[in-house]
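1. I need the structure of the sequence given here:
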Amino acid sequence: MTSPASHSIEGLYLVHRRWLTEWLRSRLGCPDNAADLAQDTFMRLLTAREVTPIHEPIREPRAFLTTVAKRVLFNHYRRQDLERAYLEALAQMPEPLAPCEEHRAIILQTLLELDALLNGLPVVVKRAFLMAQVDGLGYREIADELGISLATVKRYLHKAAMRCYFAL
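-> Predicted structure coming up:
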């Protein structure tokens with residue numbers, strides 16, 4: 001079904017925002033998070049449309065919004081997993097070595113940005129890169145830990161570094 005509302009992001013927002021928020025709430029169980037992720041979904045559409053404007057009406061706006069919202073939801077869960085892993089790592093640290101709240105927030109934000117930069121790379125490439133950059137391991141140690149050759153470690157680190165370079 002095509003309507004004038006499917007010709008613009010504003011129209012999609014006005015007609016389908018409540019529906020999308022309810023759809024997300026049914027998956028998250030939290031109305032506040034659902035509202036935030038619905039807004040994030042429309043923000044993603046706005047930023048994408050600045051690059052590629054809508055030329056034709058969207059025939060199935062709810063299906064379209066669901067697809068975009070699923071990606072936003074996936075990123076939300078990925079951020080939660082990353083934050084949980086970071087907090088677990090902090091809990092393992094002796095109290096005198098643990099960073100203050102301000103530094104924790106900065107570190108977590110940096111980790112989220114790094115995760116976004118490396119998004120799309122194979123897990124083993126990300127892991128090798130993090131072992132080098134965060135853990136400070138050398139090529140040989142990474143190769144031994146991952147059970148791969150030195151040449152493969154070099155290729156993985158180069159691939160991750162190039163992703164970061166071109167993303168910036």
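2. Please make it C-alpha for all contacts and neighbour counts, starting now.
-> Fine.
3. Now whichever strand or helix holds W19: average pLDDT?
-> For W19, the host element (DSSP states H and E) is helix 9-28. The average pLDDT for helix 9-28 rounds to 93.
4. contacting residues around that helix?
-> By C-alpha atoms under 8 Å, 6 or more residues apart in numbering, the list of residues contacting helix 9-28 from outside reads 4-6, 31, 33-35, 37-38, 42, 45-46, 61-62, 65-66, 69.
5. Tell me where the model's unsure across this protein.
-> For the chain, the stretches with pLDDT under 70 are 1-7, 49-55, 168.
6. quick one, domains of it?
-> 9-92, 101-166 (the TED database).
7. Straight-line length of the first one, end to end?
-> By that I understand domain 9-92. Domain 9-92 stretches 46 Å from its first residue to its last (C-alpha to C-alpha, to the nearest Å).
8. cool, and the shortest one?
-> Start to finish, the residues bounding domain 101-166 are 31 Å apart (C-alpha to C-alpha).
9. Same question for the helix or strand L65 falls within: list its buried residues.
-> L65 is part of helix 61-92, with elements assigned from DSSP H and E. By neighbour count with 16 or more other C-alpha atoms under 10 Å, helix 61-92 contains the buried residues 61-62, 65, 68-69, 72-73, 79, 82-83.
10. which residues touch the next helix-or-strand element following it?
-> Toward the C-terminal end, the helix or strand that comes next after helix 61-92 (DSSP H and E) is helix 101-118. For helix 101-118, the external contacting residues (C-alpha under 8 Å, 6+ apart) are 79, 82-83, 86, 126, 160, 163-164, 167.
11. what is the orientation angle of helix 101-118 with helix 61-92?
-> On the basis of axes from the mean of the first three to the mean of the last three C-alpha atoms, to 10 degrees, helix 101-118 is oriented at 130 degrees to helix 61-92.
12. If we go by neighbour counts, what in helix 101-118 is buried?
-> Neighbour counts over helix 101-118 (16+ other C-alpha under 10 Å) mark 108, 111-112, 115, 117-118 as buried.
13. Tell me which helix or strand comes right after that helix.
-> Downstream of helix 101-118, the first helix or strand assigned by DSSP H and E is helix 123-133.
14. Please state the offset of the very next helix or strand once past that following helix from the chain centre?
-> Counting by DSSP H and E, the next helix or strand C-terminal to helix 123-133 is helix 139-146. Centroid displacement of helix 139-146 relative to its chain, using C-alpha atoms, centre = their mean, to the nearest Å, is 27 Å.
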